[in-house]
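K.L.:
Okay, structure incoming, though there's no sequence with it:
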């Protein structure tokens, strides 16, 4: 045990420091169930305590790996036996909900769902939503620039953060806790910490931007005869629904078939269409919005863009339609299973999937390729099954390599962590990676903060 | 003349290099009419030529100051006799309008209005709009993170840029020309160049995010009995109009009186209200939106939030209402005139203006304080007249100092440049300024790019 741990215990108290069995009793993440390998887990209660820990570790030459709700998917919080894990789990204060500026000030350890609930209690909306909402913390959401199902309308976390406070590797506190929308006074420093997975600073507090709570919601599942119809419908809904379109989630037929197989969900539409989309609007006029939504669908049917559709007539029906999109656990019936989260221009998406399928078929007998995703954002999720678990890298090559020419991304939402490091060069040019390294070297010259992640 | 100018002429050709009278014939900016002091003005035609110029100047130890449409207001393009001005005026190509991904790819020298027009030609909208649209270039808009009248709905330029290309001080090209919305692969590098006024890199190309063109527009001028009613009405319109509310521009009575004085604009509403607001929605349903807008106003009147209102019944009436907000040139009838562009939480705005007025009155006889601005964004414009031109700094102190405790901004939209450098510390903490300096030192260690600006 490094003496810095005792030093921290002395300053922060016994309850702030976990060692030995208390560390190994915790799993690596919510996916990897083996015990955490960290030298110690430190649990500060305030920004000042985070700063103190960083300063002590910096002086002691010990690396620190920050952690939130441990729901990440790319190994961004992986920690070794000579490193300290810093958990924000005791920084769970919602400091203020300001209904006038429509902002919420929070500590980084607050779970996403608690933030959603606090906003809703004031008839406001925090529009970030994702499956891990009960466990994921806002600090982790910020550090990974989380996306989710309503990016089309509300943006990613980057668009929801007005102010931010972070602790640098040397323990300096950089506090930019603004409630204002406009602030052209030099570098927008919070951008350094959003989406950089705790490699440049530890997010400790934030001012979140809230939205008016929607007063109506319209949801439909549509079927399409080809991909061109899918994209025409997207443009149509964007234009026709003004600012109300919040989700445009597309499922290729393979995905729809998997989720509506016997014993799973009853298929609300025939299974013989090549594409399906779950489309949702959030509006402010319960009476008028329903009629307008129906009119948009009828117009799309008349023009031949929409082959068939079912509209949710109740909240129960709405949730049932969403389950067909969200019950991704049925993918685990595939073995081996390789999953991906890529991004590419919508204009290239159809050909990309077709080419990938052909490439898989050339290499393996009877491969499975299941595609779905946030089409409105250019974000495609892929689940592949072919060969054996040993074919992982070969599959990754086939999925990622074509993205380079398309200026696509090897990670739309999940981040790079350690898992995707070797594919960073598919999306980022050598000049971009050099610049990222220069920033890391400027802010963390000794490599003390979350080392080995991203670059 | 430094020999690097001849070297650049040799590589880029005669037409790329202006010297002597061709330089001094150009004004410092659109406001300062004296001649440009630069050693030379270089006019590259491509990113590669910009990179070449930067490389040559870097090696020669000559500083470079980039320039766009020269409509900036804070001296961000000020250039000295030993520096080279680099103009993007020959990089005016609109490379692509992609209607499927709803993006436009442009060179940095394209004027804003040309971009607006190109989007409109495809029934799309580039939502940035500001008075200097005919002269200001998109590169300048990006380098200053321009705001304008529709930030409430569409955000600032930062929210409209998907991809960016910039040249670093040493001539390295960093190209992040993505068309995708989601790309969590490390630092979002474009944020380094947006709003940093050409101090970290020269923006050469961009991928802009377009929006569906609105199909309806509702505009009203309202009067309010107090500031609480102004903010209640804002919350009401935000919630009631869904995503449609695009402008909420507030005028204190002094501003309204100035603009509707005899011989100027006829007052559409009585001049005896303490506050007025120009409110505009952009929607997708021409028939339904008008009725809904009217209903929202009636509800606000019933609840006593809105004291009086006039709705524009034609495009001519709409433009006439906007003139009362936009004809700021009437401010120049004041002398001396001190103008400000500050930002602060809406919750603190009323007291801030009252306290400022009291402070002015304590110091000068009969001061004039005219307040107006983008209330929905927390952005206040102030025009003050008191004392003499020599009182400028004393006035600045009174305006800026209270912003520190309110976590407000000394520059909402205009930037820092050289003019506001000494007040940067009002908005930014010492730790923030240190971090900005560390970034500048990491990217431009020799201080070759737009030296002396911001920090």
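P.N.:
Cool, got the structure. The model shown is predicted, which means the values in this text are computed figures rather than measured ones.
K.L.:
which parts of the stretch 301-450 of chain A sit against chain B?
P.N.:
With Cβ under 8 Å from any Cβ of the partner chain as the criterion, the stretch 301-450 of chain A comes near chain B at residues A:343-347, A:374, A:377-379, A:407-416, A:420, A:424, A:427-429, A:431-436, A:438-439, A:441-443. In this view, the C-beta of every residue, glycine as well, is placed from N, C-alpha and C.
K.L.:
Would you report which members of those residues are assigned to strands?
P.N.:
Here DSSP state E is the test, and those give A:343, A:374, A:379 as lying in strands.
K.L.:
which one of those has the most neighbours?
P.N.:
Note: the member of these with the most neighbours is residue A:343, at 30 neighbours, neighbours being other Cβ atoms under 10 Å in any protein chain shown.
K.L.:
on that earlier part again, filter the residues of the stretch 301-450 of chain A next to chain B down to just the buried residues.
P.N.:
In those, burial by neighbour count holds for A:343-347, A:374, A:377-379, A:407-416, A:420, A:424, A:427-428, A:432-433, A:435-436, A:439, A:442-443, counting by 16 or more other Cβ atoms under 10 Å in any protein chain shown.
K.L.:
residues near the closest residue to residue A:451 other than its chain neighbours, how many?
P.N.:
Beyond its immediate neighbours in the sequence, the residue positioned closest to residue A:451 (Cβ to Cβ, 6 or more residues apart in numbering or on different chains) is residue A:63, lying 5.1 Å away. As a burial measure, the neighbour count of residue A:63 was computed by other Cβ under 10 Å and equals 21.
K.L.:
and if you look at residue A:180?
P.N.:
Neighbour count for residue A:180, taken as other Cβ under 10 Å: 25.
K.L.:
what's near enough to touch the residue nearest to residue A:451?
P.N.:
For residue A:63, the set of contacting residues under the criterion of Cβ atoms under 8 Å, 6 or more residues apart in numbering or on different chains consists of A:57, A:82, A:83, A:84, A:447, A:448, A:449, A:450, A:451.
K.L.:
Just the ones of those in helices?
P.N.:
Among the contacts of residue A:63, the subset assigned to helices under DSSP state H consists of residue A:57.
K.L.:
State the three-state secondary structure for residue A:323.
P.N.:
Using DSSP: H, G, I helix; E, B strand; the rest coil as the criterion, the local structure at residue A:323 reads helix.
K.L.:
contacting residues for it?
P.N.:
By Cβ under 8 Å, 6+ apart, the contact list for residue A:323 reads residue A:265.
K.L.:
Pull up the per-residue confidence for it.
P.N.:
If you check residue A:323, the pLDDT there is 96.
K.L.:
What's the separation between it and chain B?
P.N.:
Distance check for residue A:323 against chain B: by Cβ to the nearest Cβ, to the nearest Å, it reads 23 Å.
K.L.:
Show me the domain layout of chain A.
P.N.:
A:3-87, A:94-212, A:216-328, A:334-435 (automatic domain parsing).
K.L.:
among those, which is the most enclosed?
P.N.:
domain A:94-212 (a mean of 23; mean count of other Cβ atoms under 10 Å in any protein chain shown).
K.L.:
What separates the first and last residues of that one, distance-wise?
P.N.:
Its start and end residues considered, domain A:94-212 measures 19 Å (Cα to Cα, to the nearest Å).
K.L.:
Same check on stretch A:294-314?
P.N.:
So stretch A:294-314: terminal residues 15 Å apart, Cα to Cα.
K.L.:
what residue is smack in the middle of chain A?
P.N.:
Ranked by distance to the mean C-alpha position of chain A (Cα atoms, centre = their mean), the top residue is residue A:146 at 3.2 Å.
K.L.:
Report the spatially closest residue to that residue, excluding sequence-adjacent ones.
P.N.:
Take residue A:146 and drop its neighbours on the chain: the residue closest to it by Cβ to Cβ, 6+ apart is residue A:157, 4.9 Å away.
K.L.:
Show the model's pLDDT score for that neighbour.
P.N.:
98.
K.L.:
That one contacts residue A:145, doesn't it?
P.N.:
Yes - using Cβ atoms under 8 Å, residue A:157 is in contact with residue A:145, at 5.1 Å.
K.L.:
Pull up the overlap in contacts between these two.
P.N.:
Taking Cβ under 8 Å, 6+ apart as the contact definition, residue A:157 and residue A:145 share the neighbouring residues A:194, A:195.
K.L.:
before we move on, the earlier item: tell me if the residue nearest to the centre of chain A really is in a helix.
P.N.:
No - using three-state DSSP, the assignment for residue A:146 is coil, not a helix.
K.L.:
Test my guess that it contacts residue A:414.
P.N.:
No - applying Cβ under 8 Å as the test, residue A:146 and residue A:414 come out as separate, 9.2 Å apart.
K.L.:
For the residue of the stretch 251-400 of chain A found nearest chain B, give me the pLDDT.
P.N.:
Proximity to chain B, evaluated over the stretch 251-400 of chain A using Cβ to the nearest Cβ, is greatest for residue A:284 at 3.6 Å. You'll see residue A:284 listed with a pLDDT of 90.
K.L.:
Please name the residues that touch it.
P.N.:
Residue A:284 touches A:212, A:214, A:215, A:216, B:239, B:240, B:241, B:242, counting by Cβ under 8 Å, 6+ apart.
K.L.:
In which helix or strand does residue A:45 reside?
P.N.:
For residue A:45, there is no host helix or strand (DSSP states H and E).
K.L.:
Name the residue of chain A that lies nearest to chain B.
P.N.:
Counting by Cβ to the nearest Cβ, chain A gets nearest to chain B through residue A:243 (2.1 Å).
K.L.:
In three-state terms, label that residue for me.
P.N.:
When classified by three-state DSSP, residue A:243 comes out as coil.
K.L.:
Verify the contact between it and residue B:152 for me.
P.N.:
No - distance between residue A:243 and residue B:152: 11.2 Å, which falls outside the contact criterion (Cβ under 8 Å).
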